[in-house]
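Undergrad: My questions concern the predicted model and sequence given below.
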Amino acid sequence: MNDQDKVAELDWRLEGEILVIALSGKVDLDNADAIRKGIRAIQKEAREARVAVMDLSGLTYLDSAGLGTFVGLKLDMRGYDRFMVYGLKGQVLELFKNIRLHKILDVKQSWEEVQSSL
């Protein structure tokens, strides 16, 4: 199985008041709803966070259903002072640019850029 075939995985950590959610693998019609539910469960666990950040450096594939997940996340993350994503590359970056999702979400290049913007 190559990286692009890897099923999506969610991981998270708290760095002070920053909730960092790492999403890796592929997000498509088969798992987009489960990913969104998983992110909501993480939000409930990490209630003390004031800033939410998604690390997408391990995300290898995204289809239109996956894109819908990110549009929905924009709404789900309204309770935070800030919501940022970083680590976009390859097909995922091109898709974000093609539909101008990078204009709607606060997109950073790296974790270092996220930290320096706070």
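TA: Good, I have the coordinates.
Undergrad: Now for Ala65: which residues touch it?
TA: 27-29, 32 (CB atoms under 8 Å, 6 or more residues apart in numbering). (Glycine included, C-beta is placed from N, CA and C.)
Undergrad: which pair in those residues spans the largest distance?
TA: Val27 and Leu29 (9.2 Å; CB to CB).
Undergrad: ok, which stretches of this protein are helices?
TA: 32-45, 64-76, 90-98, 101-104, 111-116 (DSSP state H).
Undergrad: So among the contacts of Ala65, which ones count as buried?
TA: Among the contacts of Ala65, those classed as buried by 16 or more other CB atoms under 10 Å are 27-28, 32.
Undergrad: could you dump those residues to TSV with pLDDT and distance to Lys74?
TA: Shown next, in TSV, are those (pLDDT from 0 to 100; distance: CB to CB, whole Å):
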residue	pLDDT	distance to Lys74
Val27	94	15
Asp28	93	19
Ala32	93	15
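Undergrad: how close does the nearest residue to Leu10 once chain neighbours are set aside sit to Ile104?
TA: Closest residue in space to Leu10, ignoring its immediate chain neighbours: Gly38 at 4.7 Å, by CB to CB, 6 or more residues apart in numbering. From Gly38 across to Ile104, the span is 22 Å (CB to CB, to the nearest Å).
Undergrad: Fine, thanks again, bye for now.
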